[in-house]
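*Asks:* Okay, here's the prediction I keep looking at, along with the sequence it came from:
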Amino acid sequence: MFQQDSEKILTNPIISYKAPDPYSPPRQRQRRVFSTILAKMFLPALTKKPIPLQETVQQNYAELSQQYDVYITTGEVVTYDGATLTTIEISPSNPIGFIIKFKGQKGFFESTVEEAVRDAVSSNTTIICFNYRGVGHSTKAPDTFQDLITDGISQVQRLLDQDVKGEQILLDGESFGGAIATFVAFHFHKKNIPVYLFNSRSFAKLSEIAIKTKFSRLPAGLQSPLERLIAHLGWEANSGEVFSQLPQSHTHFMFLAPQSQEYNGDSIIPNECSLFHHLITLKTHDQTNKLISYSQMHINKEDGPGHSAPREKLFMCSDPDRSGQDVFLLFTKKIKPQNEQSIFDENIVSERDIRLTFKSDHG
């Protein structure tokens, strides 16, 4: 997949892929008035100036390639509806699989490349980062939340078209990106192409968190109409409901414990809007025995806000010696190398053990 050159960085656009239409029957696109306003509210990175593609950026890639002994490949993925997604791949010499990063709502992947490089080395996988349509140097701003799902589907489909198996692919979604990644995983599971999903510090329903955080002073009688309007404009995302339909064997989610005198909580996603709260409530009301794999985390006050902190700063409530990054790296062991069984199953622990390992203070 990678051209092996002595500098270990491919500065010319090498990734060049046009995705097929993933929808059958074809999706009906209807741009509605005010959709653009909601797009900028839910994805504020749309309003930020892109990071200039100067020589200093390429020099930084070259230095990271040399420092960490990885190959960095840049290029573009074009969706079926014409959005061009700026994309980068970071690969160690013999990767066992692929991790696709789904960023939150405010940033560009260019600002976290070194973090992605470290993930590539520590997990021994190829890391794929990209900017959603309209963000940074990617083109064609989204009209609906489904457009962002299309972006993620296109990234996965590129790998599948290179004969990569679904269980060699892990979707790593943070916050807003966790919701997008959840829908992308569901799209492929419905096609009997199971991919893995790691969802970190995300919400259960987009309209719910919007009303709770951005329209909290709105009279109660107007909240339901606003929720319906958000759905009508194409920006509802009931990721909690979708996540609950994915198999536990292929998913894990991480969330922050409520704030206390000693620890910071999640200052962006209130507990009652979190994915965890939705799934536990669903489990209680439905009296289902379906297993869910999750980790409850703390972050010390001196380490800053919990929602945006690196996973290395988080630690498990039930096992303070294990960081959020440790949990993530353990989950990546599920990735199955080509024509092999999962390293997770063979050399680490059993499926039952992983549930115990990830057991939180809530049981």
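*Replies:* Arrived safely, thanks for sending.
*Asks:* So what touches stretch 47-64?
*Replies:* Contacts to stretch 47-64, defined as Cβ atoms under 8 Å, 6 or more residues apart in numbering, come from residues 7, 9, 11, 40, 70, 72, 74, 106, 108, 110-111, 113-114, 117, 135-137. Any C-beta I mention is one placed from the backbone N, CA and C, and that applies to glycine too.
*Asks:* What separation do you get for the residue nearest to M316 when sequence neighbours are not counted and G178?
*Replies:* Excluding its sequence neighbours, the residue lying closest to M316 (Cβ to Cβ, 6 or more residues apart in numbering) is R322, at 4.7 Å. With the distance defined as Cβ to Cβ, to the nearest Å, R322 ends up 20 Å from G178.
*Asks:* which of the two has more neighbours?
*Replies:* Neighbour comparison, R322 and G178: the larger count goes to G178, with 26 against 17 (by other Cβ atoms under 10 Å).
*Asks:* hey, where'd the strands end up in the stretch 151-300 of the chain?
*Replies:* For the stretch 151-300 of the chain, the strands defined by DSSP state E, counting those that start in this stretch occupy 169-174, 196-200, 251-256, 263-264, 294-300.
*Asks:* Ok, which of these comes nearest Y80?
*Replies:* strand 169-174 (19.3 Å; Cβ to Cβ).
*Asks:* Name the surrounding residues that touch the closest one.
*Replies:* So strand 169-174 is in contact with 97-104, 125, 152, 156, 159, 179-182, 184-185, 195-202, 328, 331-332, 334-335, going by Cβ under 8 Å, 6+ apart.
*Asks:* If we ignore the residues flanking it in sequence, what's nearest the residue nearest the centre of the chain?
*Replies:* In the chain, the residue lying closest to the centroid (Cα atoms, centre = their mean) is G173, at 1.4 Å. Leaving out its chain neighbours, the residue that sits closest to G173 by Cβ to Cβ, 6+ apart is A181, at 3.1 Å.
*Asks:* Any stretches of the protein with poor pLDDT?
*Replies:* 1-13, 30, 55-56, 283-291, 339-363 (pLDDT under 70).
*Asks:* shouldn't F186 be in contact with Q245?
*Replies:* Yes. With contact defined as Cβ atoms under 8 Å, F186 counts as touching Q245 (6.6 Å).
*Asks:* Those two - which one has more neighbours?
*Replies:* Neighbour count, other Cβ under 10 Å: between F186 and Q245, F186 has more, with 19 against 11.
*Asks:* residues contacting the residue nearest to that one when sequence neighbours are not counted?
*Replies:* In space, and not counting its chain neighbours, F186 is closest to V242: 4.9 Å by Cβ to Cβ, 6+ apart. With contacts defined as Cβ under 8 Å, 6+ apart, V242 is in contact with T182, F183, F186.
*Asks:* and the first one, how many neighbours does it have?
*Replies:* A count of nearby residues for T182, using other Cβ under 10 Å, gives 31.
*Asks:* Helix or strand for L64, just tell me which one.
*Replies:* Element membership for L64, per DSSP states H and E: helix 55-68.
*Asks:* residues of that helix that come out buried?
*Replies:* For helix 55-68, burial by neighbour count (16 or more other Cβ atoms under 10 Å) applies to Y61, A62, L64, S65, Y68.
*Asks:* same thing with stretch 178-197?
*Replies:* By neighbour count with 16+ other Cβ under 10 Å, stretch 178-197 contains the buried residues 178-189, 193-197.
*Asks:* Look up how far I51 lies from S111.
*Replies:* 7 Å.
*Asks:* So for R27, what's the nearest residue that isn't a sequence neighbour?
*Replies:* Excluding the flanking residues, the one nearest R27 by Cβ to Cβ, 6+ apart is Q146, at 7.3 Å.
*Asks:* hang on, the earlier thing: of the contacts of stretch 47-64, keep whichever come out buried.
*Replies:* I9, T11, V70, I72, T74, F108, E110, V113, V117, V135, G136.
*Asks:* Most widely separated two among these?
*Replies:* Of all pairs drawn from the buried ones among the contacts of stretch 47-64, the greatest distance, 24.1 Å, lies between V70 and V135 (Cβ to Cβ).
*Asks:* and S323, what are its phi and psi?
*Replies:* Dihedral angles of S323 (phi, psi; degrees, to the nearest 10) stand at phi -80, psi 170.
*Asks:* repeat for E89
*Replies:* phi -120, psi 140.
*Asks:* How about M316?
*Replies:* phi -70, psi 140.
*Asks:* residues touching it, list them.
*Replies:* S295, Q296, M297, H298, R322, S323, G324, V327, S360.
*Asks:* tell me which of these is nearest to C129?
*Replies:* Set against C129, the nearest of those by Cβ to Cβ is G324 (18.8 Å).
*Asks:* how close does the closest one get to P194?
*Replies:* Distance of G324 to P194, given as Cβ to Cβ: 24 Å.
*Asks:* what do you get for G173?
*Replies:* 16 Å.
*Asks:* same thing with S224?
*Replies:* Counting by Cβ to Cβ, the gap between S224 and P194 amounts to 36 Å.
*Asks:* do A45 as well
*Replies:* 30 Å.
*Asks:* got the buried residues for stretch 253-270?
*Replies:* F253, M254, F255, L256, A257, Y263, N264, G265, D266, I268, I269, P270.
*Asks:* before we move on, what about stretch 223-230?
*Replies:* Q223, E227, I230.
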